[in-house]
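Colleague: I'll drop the sequence and a predicted model, then ask my questions.
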Amino acid sequence: MIVFVLRRLLQTVLVLLLTSVIVFLGVYAIGDPLEILLPADASLAEKAQVAASLKLDQPLPVQYLSFLSSALHGDFGNSFVFNRPALQVIFERLPATLELTITAMILSLLIGMPLGLWAGTRPGSRVDETVMTGSILGFSLPNFWQGMMLVMIFSVWLGWLPSTGRGETGTIFGITTSYATLDGIRHLILPATNLALAQIALVIRMTRTGVQETMPLDFVKYARARGLSERRILFVHVLKTILIPIITILGVEFGSLVAFAVVTETIFAWPGVGKLIIDSINALDRPIIVAYILVIVCLFSLINFVVDVLYSALDPRIRGRQ
């Protein structure tokens, strides 16, 4: 197990190093921030002064080494727009995105797994067909369209829920969160639901497939022969077996939700990192863009590492194949 963990850590470090090179070259090879930061009538001396202050006058290899050295100390430079440390700006917005993502993941489990279990134990029935049709719609309909329909129905027509903003926040154990106030929860419901719809469909299909593949196996027949109830067989023996692939997929999908919550945050004006990166790309704010991408890559790598460890703990056979 220790060798497995060390190997995964080494792979994670190599991925981060390679990603830093690709991201740095990709971002710094595009456009000139001076054209955005300075007025059109700026003199050459002013441009040279700003370029020197931002270290844009140095060769790319020198800029990268300087960037890598600073990044290892948690310094990605100051934002061109906010004139503050880029990492600080991102971490100010990241809690809002994580709050939205965690809520969406909880909704996908609370809704998707029961529906998947229900459909999986009744193959070919109307319940199964209805649930699977709903999951297909969750996969097929564009996320932005789903968001606009949620706003139209629950905010415009019914007037039940607010459609934009994060709402009032409070503190729980010293953490600022929307969960602490009723207004914050009401503002969270629609964007979290919009972000969760595709994940609900994914959990439904995985759970249903896992149940249908597991129920005919010998250990389930043996459990029935011992006189165990169908409820106990389903929720103890079958569910434990199908949790392994579900944990793996949801671990990866959690990172995807954080990285690709841009559409949902834009539709609902949610003040997270998704909206920040869109604004930074428009302003060519290189420190914010690079820091954001590397933070997301670190988050992906950390999640994959944790998922691999959990996977190997649940199924020791995996360690032998690595």
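Modeller: Looks like it arrived, so ask away.
Colleague: isn't Leu190 right up against Met148?
Modeller: No - assessed by CB atoms under 8 Å, Leu190 is found out of contact with Met148, at 10.9 Å. In this view, the C-beta of every residue, glycine as well, is placed from N, C-alpha and C.
Colleague: give me the more crowded residue out of these two.
Modeller: Leu190 (24 against 14; other CB atoms under 10 Å).
Colleague: low pLDDT regions in the chain?
Modeller: 1, 4-5, 27-41, 54-57, 310-322 (pLDDT under 70).
Colleague: so what are the domain limits for it?
Modeller: If you go by automatic domain parsing, the domain ranges for the chain are 2-72, 91-321.
Colleague: may I see those organised as CSV, with distance to Phe82 added?
Modeller: Supplementary listing: the domains of the chain in CSV, determined by distance: least, CB to CB, whole Å:
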stretch, distance to Phe82
domain 2-72, 12
domain 91-321, 8
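Colleague: give me every residue that touches Thr169.
Modeller: Taking CB atoms under 8 Å, 6 or more residues apart in numbering, we find Thr169 in contact with Thr176, Thr177, Ser178, Ala180, Thr181, Gly184.
Colleague: what's the closest of the residues you listed to Val306?
Modeller: Distance ranking of the contacts of Thr169 against Val306, using CB to CB, places Thr177 first at 22.3 Å.
Colleague: what are the phi and psi values at that closest one?
Modeller: Per-residue torsions, Thr177: phi -150, psi 160 (degrees, to the nearest 10).
Colleague: burial of it, as a residue count?
Modeller: Counted with other CB under 10 Å, residues neighbouring Thr177 total 20.
Colleague: longest helix in this structure, by number of residues?
Modeller: helix 86-120 (DSSP state H).
Colleague: how far does that helix sit from the chain's center?
Modeller: Once both centres are worked out by CA atoms, centre = their mean, to the nearest Å, helix 86-120 turns out to sit 8 Å from its chain's centre.
Colleague: then stretch 77-92?
Modeller: For stretch 77-92, the distance from its own C-alpha centre to the chain's C-alpha centre is 21 Å (CA atoms, centre = their mean).
Colleague: quick one: terminal-to-terminal distance for it?
Modeller: With CA to CA, to the nearest Å as the measure, the first residue of stretch 77-92 is 16 Å from its last.
Colleague: follow-up on the earlier one: right, so the domains of the chain: which one is the most enclosed?
Modeller: Of those, the one with the most neighbours on average (mean count of other CB atoms under 10 Å) is domain 91-321, at a mean of 17.
Colleague: from Asp279, how far out is the residue nearest to Thr97 when sequence neighbours are not counted?
Modeller: Nearest residue to Thr97, sequence neighbours excluded (CB to CB, 6 or more residues apart in numbering): Gly272, at 3.4 Å. The gap separating Gly272 from Asp279 is 12 Å, by CB to CB, to the nearest Å.
Colleague: quick one: contacts for Leu188?
Modeller: Taking CB under 8 Å, 6+ apart, we find Leu188 in contact with Glu99, Leu100, Thr103, Arg166, Gly167, Ser178, Tyr179.
Colleague: in the residues you listed, find the pair that's most separated.
Modeller: Taking CB to CB as the measure, the contacts of Leu188 span a maximum distance of 12.9 Å, between Thr103 and Gly167.
Colleague: break down the stretch 101-250 of the chain into its strands, ranges please.
Modeller: 170-172, 175-177 (DSSP state E, counting those that start in this stretch).
Colleague: among those strands, which comes closest to Cys298?
Modeller: Where the strands of the stretch 101-250 of the chain are weighed against each other on CB to CB, the nearest is strand 175-177, at 20.6 Å.
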